[in-house]
Structures are given as C-alpha cells and as structure tokens.
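In: Have a look; sequence and predicted model below, questions after that.
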Amino acid sequence: MSKIMYTLTDEAPALATQSLLPIIKSFAGTANIEIATKDISLSGRILANFPEFLREDQRIPDDLAVLGELAKTPEANIIKLPNISASIPQLEEAIEELRKKGYPVPKYPDKPKTEQERNIKARYDKVKGSAVNPVLREGNSDRRAPKPIKNYAKMHPHSMGAWSSTSKTHVATMSQGDFRNNEKSVTMEKNTVLAVEFENTKGEKSLLKGDILVKEGEIVDATLLSKEALLEFLRKQVAEAREQGVLFSVHLKATMMKVSDPIIFGHVLKVYFSEVFSKYGEVFEKLRIKANDGLESLLEKIQQLPEKERQQIEQSVQESLENGPQLAMVNSDKGITNLHVPSDVIIDASMPAMIRTSGKMYNQEGKLQDTKAVIPDSSYAGIYQATIDFCKEHGAFDPRTMGTVPNVGLMAQKAEEYGSHDKTFEIREKGVVRVTDTYTGQTLMQHDVSEGDIWRMCQVKDQPVRNWISLAVSRARATQTPAIFWLDRERAHDRELIRKVEKYLPEENAQGLDLQIMSPVEATKATLKRLKEGKDTISVSGNVLRDYLTDLFPILEVGTSAKMLSIVPLMEGGGLFETGAGGSAPKHVEQFLEEGHLRWDSLGEFLALAVSLEFYSEKNSNPAASILAECLDTATEDFLSDNRSPSRKVGELDTRGSHFYLAWYWAKALAGQNKDLKLKQIFEPVAQLFDSKAETILQELLDAQGKKQDIGGYYKPDPSLISKAMRPSKTLNDILESIG
Ligand SMILES: NC(=O)C1=CN([C@@H]2O[C@H](COP(=O)(O)OP(=O)(O)OC[C@H]3O[C@@H](n4cnc5c(N)ncnc54)[C@H](OP(=O)(O)O)[C@@H]3O)[C@@H](O)[C@H]2O)C=CC1
Ligand SMILES: O=C(O)CCC(=O)C(=O)O
Ligand SMILES: [Mg+2]
C-alpha cells in the first residue's frame, strides 16, 4: 500500500508540523492511510551527505534522494513544505551548530586547495541554495487561490497601502550587457552531447563542463552578464538614488540562483561600499571576507582584528552609509540593511511586499519611504515596473473586488534558469566561451567574455514544454478562463519556446478557448487591467516568472502566498503537493522563541493535504480517503469563515490553536456526513469530546504562550523539546491519541 510522504523541513513550517502532523496521522489512520515523514531540512541534508565523518549512530539516510526517485514513479504522493534554500552564511551557521552538537561534519571550504577539500565543497554546493525543489519537481506547476480563500479575502480584505501618482518608487534595470540582452538560443535537432569550453586570448583552451546530454527538441540557451556593464549600471544607480532622495534596494534571488546572484549581490556591496573596499581590500582578503556573503558577515569577521583597526573599518562603513543613498532596511530596529545578508531580501517575496506597501520600504528610522528597486537583469524586471506604473495610475488594488491570476508554470526537470547552476561560471580572464557539439565539433553558440563576467547555460526539455502547454489548456478549459503565455518575441529563448507553443497548441483540444501570447510587460498590463475589473486571467509562464507571479498576485489578492493551492502533477503520474508559495519566514521563529507565539499559517498545508488525500483515494481505490478530503475542505472553509488563522500578537490564537480548530471542524464534518458510516461512528464521539473540552484545550494552549522558548537549536532543534513546545495541551493530545 502506498503512503503519503510528509516532509520535515526548517524554521516555522517545521515547528508547525510538530503540532499538525499528530492530528493528520490520527485522522488518516482511520482510513488506514499511513503518513510517513522524510527529513529534507538543511541540517538533515548536510548530515546525509557526510556519512563518513559521522559515527554510525549519527548517520541518516538521504531522504531527499529517496523522494527524488519516488517523484519519478506513479506512486508518488508527497506533501512538500517550504524549506531553507541556504545562502553561504546560513549554510555556515548550520554547519557550526551541528559541529557544536557533536556532529563532526567538515567546515565549508570556500577556497578549496586539496582534492579532498574540492570534494567537500562540491558536496556542500549540492546542499546549498535551492537544493530541494529542483529534485522533487518532476512536473510543472499549477498554483491558484482556491475559491474559499478568495471569498475569505473578499469578506475580510487584508490591508493594502495606498498609492500616490507622485510616488518616486521605480525599478532600475540594465539596458545592455545583461543576461537578457546577450542571450542566444538553439533547439536541438537530435540527441547529442554538448560541452562548454573556454579559450583565452593566447589560444589556450579549457573545458568548463563536458558531457552535457541533450535530447532532440531540447532548447539550450547561453548568455552572460558583463561585469563591466553591471558595475557601470550599479554606480549610476547608487548616485541616482542619492540624488533622487529615495532608498536604495536590490532584489535578487541569491537562494535559488545560487551561483549567479550571490556574485551580483557581492558587486552591489562593493559598489555601495566602494571606499571601504578600496581602503581595506587587502585586510579583507587576509580575513577571507567575501563581499558575496554580505555586510553582516564582513562586520563579524573583522571582530578578529585589533580594536583600533576594527574601529577604523567600522567608521569607514558608517561613513559610506552616511554619504551614500539611504539603504532599504530589513529590520530598522536592529540596523539590518538590504545588504547585510544575501538571503534576506528575496525578489519573489520582496517586490510584492513593497508593492503592497504603497511602493515603499523601511528606512533607518523605521519609516516607510519610496525606493529605487535595483533588479540588474532586465529579463523580468519590466513586470514590476509595469505593476508600479499601474498602481500609480489607478491606485492600490482592492482585495474585495479584484479578480484572480492562477499560474501554470514551466518547471519540470530543472527547466530554464533554475537548472543553470552547474553550467554557470564566473569567468577568470578575457576570451571566448563556446558551446560545442561533442560529436560533430560544431559550435552552437559563442560569446566573447571578460574577467568577472557571469556566463551561463540553461536547458529545457521538449517533454516538459509539451506537458506545460497541455496543463495550460486543461486549466483554461476547466475554469473557462482566458490564458496568456508570458513570452517575449524579443528574447532568443522565448522565441524558441513560442515556436513550440505554436506547434503543439493545435494538437491540444484548445477550440473555443482564449489563449494568447504576449511579452511579459504586455501580459502584465493586460492582466492587471482585467484584475482591476474583477476578471480572472491564467498566467502561463516560464520557471522564473512562475516563481515571481506566484508571490506577486497572491500577495496582492489574498495577502500572502501561504494560502495558495500548489499542485505539481508529476510527469510520471504521481502527485507533489507543495504548501503555499511562501518560504519559511525566519522571523516567525524569532517571535516564537521570544514570546512563545507562533504565527505560521498552515492553510497551505490544509489545502495540500486535501488534494493529497483525494489523489490517494483515486490511486488506491480508498473511498474513505476521499471522505476525509471532502470533510477537510469543509473544515477549511469553516476555519476561514470563523477566522481561525493565527493572529500576529502574543496572547491571541497562534498556530497551535489554529490547528486545534481545524481538528475540531474536521471531526465535526466527519461526524456530520452520511457517506461513510464507519468514519461517522469514529468521529461522532471525537467531535463531542472536542465540543465539551474546547475551552480547556484553548486555555491550555494559551497558557503556553508569553514566555521564552528553548527548542535546543535553530537548524537542528531537539525533537523532544519542539514536540513539547508545540503540543502543550494534554487534553488535546489525549483525544488525538484515542481516535480510531
Ligand atoms: N518552496 C520553498 O521551499 C521556499 C522556500 N523559501 C525559503 O524561505 C525562507 C524565507 O524566504 P522569504 O523570501 O523571506 O519568504 P517567506 O515566504 O518565508 O516570507 C515572506 C513573508 O510572507 C508571509 N508568510 C509567508 N508564509 C506564511 C505563512 N505560512 N504564515 C504566515 N505568514 C506567511 C510573512 O509575511 P508577514 O510577516 O508580512 O505576514 C513572511 O514574512 C528562505 O530560507 C527561502 O529560501 C522561500 C520560498 C519558497
Ligand atoms: O526553492 C526555492 O528556493 C524557492 C522556491 C520558490 O520560491 C517557489 O517555488 O516559489
Ligand atoms: Mg517563490
């Protein structure tokens, strides 16, 4: 019998799991469904990758690899919660914590010298950044706001900052020398093997990457971001932000684009703090300070210096901050700027949050201010400027009346930019990079490059593209909603993709459907206009826009992407059910540790579980699973209409209390249905117990708040401590224990 796999991840979702999973297990058990857990947390991934450093009893299986294999089978039924996509500083912190706990995993060798160090670094590089999603996503993405969620937002609109037509907020993006403008793209005519080679000005050749297997019909792109053009652009933006009196902010995806974007982030830091780096560059070199890791890491590492030298550098940093444009802040109270940590400001969440907040970000005084949002590469930056322009002209959106924008996203098999990490290179010297066909020796694409340029190659296979087109058509048909393919005829890669859309669409049953192709900027304008009028439009997009749009629209429409239904129909027939499109919200953990109040909203988990149970029912001919799913959906609707989501404030309902309400409503729905009398019989007494004990349970849960929590770690907390912290109601635990 197949199982439902529930993932153990990090931070707030991992905490929430401690309280929600026992409920899920008790309920699912009544229909003989086994819920198994798989550890894909950052610490779990580290431990699984270094068995030879660990004692026998410390070793753990590589659960991510197991799930990755499972995802390629029709049996897969995986509920995937958000996990940390670690930046280098996060990875180093996690390693440090594990070592302190007696797990002797190696340190991260940032400049490996020996063969062994290179091997260790390669293994860590597999763990860092977005290391989980690409492995599990063996299908394309279908993300949408379910009806009850939209209805809830209409009834209880979240706050939306007003927009002024005089807002100075804008996006700054490159007009030449960036990935978009240098892109070349080809579609493979047959299966073959490619290589990426570099030739310097002396004619010396070296292999950057060989053995790249490509299939017939696969689209392959190559492009580069010129360091010179980037630096010139950044210098101009820093100066301009100061003149314009707006905040300076940079929005990247240093987590997911784990090779290119930390380098770009490092350049931003070096340009903003150019005087600091020109004065103390050599000291930094000695201390192994890397601009890519951010200002916080720099300030930490200079602590090793003698006091006087350290103070001089701190003084110089302070002067740069005073002389430069004001930086947008991540946390004004603590003085954490946009440039402190590369993973603090992540574009998919940060730009929508800014747009929702009147186009403003926080300044050093903790006040909201207009900002220059620097998004160096121009491939997708235009959608945000178009949204800002729309809000300046028409004012903020109104959640009570606006439509919805579901997304069908191309992402299977490491599609496009998100699969480029092993083919991204920071160029060492002037020369040429070529993509060649190993069999014929033919050069498919080539670029002149200079020292520091970031060159990359991306791939997308034909089968995922066909599947994506099919999925778009089936969503458009199922909902009778117009769909727009966000593809840019001015971009080399998109032109190849458009050829496929034009070729495969006629093979689909697309008659009578409104399907169009528009450039991202045009698509944004058309979609926003309809959205404002209360009309729905499906966005059909590539992988990066999938990521951006599935935060942008949900955050505007329903206040957060955590409430999205996020389904990945796996290409081999299994199902991957992601929870929300949001991440793991580190600040939620901070609040929990300080005040014993967790405000993680598990709506994404509830929605994912319902579709997973439904899928289970079909796959295993288990009608009881379908009843559980149906009643869970009813419970979720009641949960929403009674407003049982966690509050932000200590002393009010938190994640644990919200889980209790879900269990209560779910039991009531199961007791109230008449399709499965066995389930009815089981849940009638449970519902009665919940009715009579609700007050006690809620009080027990409330009593647990208001004090500091010790969970014995951040990346690898102590399981018994988190379980104790997240399950403080004995009454509730006993009832759950008694079910079935
Ligand atoms: N699929 C995945 O595995 C993903 C993982 N990540 C990872 O998550 C971490 C944080 O990323 P970040 O970009 O800050 O994005 P997050 O989505 O974690 O946070 C953005 C904001 O969204 C709100 N939010 C999101 N989900 C919930 C929820 N369930 N309950 C309540 N509020 C929620 C919070 O805003 P507010 O406080 O205003 O309520 C939060 O601060 C990183 O480590 C990143 O790598 C990020 C995206 C996806
Ligand atoms: O994998 C990641 O790092 C983030 C994924 C993400 O943001 C998304 O899929 O929406
Ligand atoms: Mg995202």
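Out: In hand now; what should we look at? Numbers count the residues shown, from 1 in each chain. Ligands and ions are numbered 1, 2, ... in the order given.

In: Please name the residues that touch Arg400.
Out: 153-154, 157 (C-beta atoms under 8 Å, 6 or more residues apart in numbering). Glycine gets a C-beta too; all of them are placed from N, C-alpha and C.

In: now Ser612: how far from ligand 1?
Out: Going from Ser612 to ligand 1 by C-beta to the nearest ligand atom, to the nearest Å gives 16 Å.

In: related to what we said a few turns ago, of the contacts of Arg400, which belong to helices?
Out: 153-154 (DSSP state H).

In: from the contacts of Arg400, which is closest to ligand 1?
Out: Using C-beta to the nearest ligand atom, Ala153 is the member of these that lies nearest ligand 1, at 14.1 Å.

In: residue ranges for the strands of the stretch 1-150 of the chain, please.
Out: Residue ranges of the strands in the stretch 1-150 of the chain, as given by DSSP state E, counting those that start in this stretch, are 4-8, 35-39, 77-80, 141-144.

In: Check which helices and strands the first one is in contact with.
Out: In this case it means strand 4-8. With contacts taken as 3 or more C-beta pairs under 8 Å, 6 or more residues apart in numbering; DSSP states H and E, strand 4-8 sits against helix 11-29, strand 35-39, helix 63-70, strand 77-80, helix 603-620.

In: again, 6 Å this time
Out: Counting by 3 or more C-beta pairs under 6 Å, 6 or more residues apart in numbering; DSSP states H and E, the packing neighbours recorded for strand 4-8 are strand 35-39, strand 77-80.

In: Which one, of these, ends up nearest to ligand 2?
Out: Across the helices and strands packed on strand 4-8, ligand 2 has its closest neighbour in strand 77-80 (10.1 Å, C-beta to the nearest ligand atom).

In: Name every strand pairing with the closest one and say which way it goes.
Out: strand 4-8 (parallel), strand 575-579 (parallel) (DSSP bridges).

In: Let me see the mean pLDDT of the helix or strand where Lys209 lies.
Out: Assigned by DSSP states H and E, Lys209 belongs to strand 205-214. Averaging pLDDT along strand 205-214 yields 97.

In: so which of the contacts of Arg400 is the most crowded?
Out: Neighbours here mean other C-beta atoms under 10 Å. Within the contacts of Arg400, the largest count is held by Ala153, at 23 neighbours.

In: Do I have it right that that residue meets Thr401?
Out: No: taking contacts as C-beta atoms under 6 Å, Ala153 lies outside contact range of Thr401: 10.6 Å.

In: got a markdown table for the helices and strands packed on strand 4-8, with mean pLDDT, distance to Thr114 and mean neighbour count too?
Out: A markdown table is the format used below for the helices and strands packed on strand 4-8 (pLDDT from 0 to 100; distance: least, C-beta to C-beta, whole Å; neighbours: other C-beta atoms under 10 Å):
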| stretch | mean pLDDT | distance to Thr114 | mean neighbour count |
| --- | --- | --- | --- |
| strand 35-39 | 98 | 31 | 16 |
| strand 77-80 | 98 | 37 | 24 |
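
In: Which of these sits closest to Gln90?
Out: Closest to Gln90 of the helices and strands packed on strand 4-8, according to C-beta to C-beta: strand 35-39, at 17.3 Å.

In: angle of the closest one against helix 603-620?
Out: On the basis of axes from the mean of the first three to the mean of the last three C-alpha atoms, to 10 degrees, strand 35-39 is oriented at 120 degrees to helix 603-620.

In: neighbouring contacts of strand 35-39?
Out: By C-beta atoms under 6 Å, 6 or more residues apart in numbering, the surrounding residues in contact with strand 35-39 are 3-8, 24-25, 28, 63, 67.

In: One more: stretch 519-527?
Out: By C-beta under 6 Å, 6+ apart, the list of residues contacting stretch 519-527 reads 382-383, 386, 405, 484, 486, 488, 537.

In: Filter those down to just the ones in helices.
Out: Using DSSP H, those in helices are 382-383, 386.

In: Tell me the residues of the stretch 451-600 of the chain that contact ligand 2?
Out: Listed as neighbours of ligand 2 in the stretch 451-600 of the chain under the rule C-beta under 6 Å from any ligand atom: 547, 550, 581.

In: Helix or strand: which one has the second one?
Out: Going back to what we said before, that points to Thr550. Element membership of Thr550 [criterion: DSSP H and E] is helix 543-558.

In: Average pLDDT for the next helix or strand after that helix, rounded please.
Out: Reading on from helix 543-558 to the C-terminus, the next helix or strand found by DSSP H and E is strand 565-569. Averaging pLDDT along strand 565-569 yields 97.

In: Where does the chain get nearest to ligand 1, which residue?
Out: Nearest residue of the chain to ligand 1: Gly583, at 2.1 Å (C-beta to the nearest ligand atom).

In: and that residue, how many residues sit next to it?
Out: With neighbours defined by other C-beta under 10 Å, the count for Gly583 comes to 23.

In: which residues sit against stretch 654-674?
Out: Residues contacting stretch 654-674 (C-beta under 6 Å, 6+ apart): 16, 19-20, 23, 597-598, 600, 631-632, 634-635, 638-639, 644-646, 679, 683-684, 686-687, 690, 697, 701, 732.

In: So which residues on the stretch 501-650 of the chain come close to ligand 3?
Out: Residues of the stretch 501-650 of the chain lying near ligand 3 by C-beta under 5 Å from the ion: 547, 581.

In: which regions of the stretch 501-650 of the chain lie under the pLDDT threshold?
Out: For the stretch 501-650 of the chain, no stretch is flagged by pLDDT under 70.

In: how close does the closest residue in space to Gly583 that isn't next to it in sequence get to Asn622?
Out: Take Gly583 and drop its neighbours on the chain: the residue closest to it by C-beta to C-beta, 6 or more residues apart in numbering is Pro82, 4.9 Å away. With the distance defined as C-beta to C-beta, to the nearest Å, Pro82 ends up 28 Å from Asn622.

In: Ok, Gly210 next?
Out: 48 Å.

In: Can you classify the residue lying closest to Ala492 once chain neighbours are set aside by secondary structure?
Out: Closest residue to Ala492 apart from its sequence neighbours, by C-beta to C-beta, 6+ apart: Ser185 at 3.9 Å. Here Ser185 is recorded as strand under DSSP: H, G, I helix; E, B strand; the rest coil.

In: and Ser185, what does it touch?
Out: Contacts for Ser185 (C-beta under 6 Å, 6+ apart) come out as 221, 492-493, 496.

In: mind running it again at 7 Å?
Out: Applying C-beta atoms under 7 Å, 6 or more residues apart in numbering, we find Ser185 in contact with 219, 221, 492-493, 495-496.

In: try Lys532
Out: 394, 397, 402.

In: gap between it and Glu637?
Out: Following C-beta to C-beta, the distance that separates Lys532 from Glu637 is 27 Å.

In: Tell me which helix or strand comes right after the helix or strand in which Arg530 is found.
Out: For Arg530, the host element (DSSP H and E) is helix 520-532. For helix 520-532, the following helix or strand on the C-terminal side (DSSP H and E) is strand 538-541.

In: Settle this for me: Ile40 is touching Asp62, isn't it.
Out: No: applying C-beta atoms under 7 Å as the test, Ile40 and Asp62 come out as separate, 9.7 Å apart.

In: which one of these two has more residues nearby?
Out: Ile40 (29 against 16).

In: What residues does the more buried one make contact with?
Out: 7-9, 63-64, 67, 83, 132.

In: Filter the contacts of Ser185 down to just the ones in strands.
Out: Taking DSSP state E, the ones among the contacts of Ser185 that sit in strands are 219, 221.

In: so which of the contacts of Ser185 would you say is closest to Lys423?
Out: Distance to Lys423 across these (C-beta to C-beta) is lowest for Asp221, with 10.1 Å.

In: That closest one is in contact with His493, isn't it?
Out: Yes: in this structure, Asp221 is within contact of His493 by C-beta under 7 Å, at 4.5 Å.

In: re the thing from before, can you list the ones in helices among the contacts of stretch 519-527 in CSV and add pLDDT, distance to Thr436 and neighbour count?
Out: Output for those, formatted as CSV (pLDDT from 0 to 100; distance: C-beta to C-beta, whole Å; neighbours: other C-beta atoms under 10 Å):
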residue, pLDDT, distance to Thr436, neighbour count
Gly382, 98, 33, 19
Ile383, 98, 35, 27
Ala386, 98, 39, 19
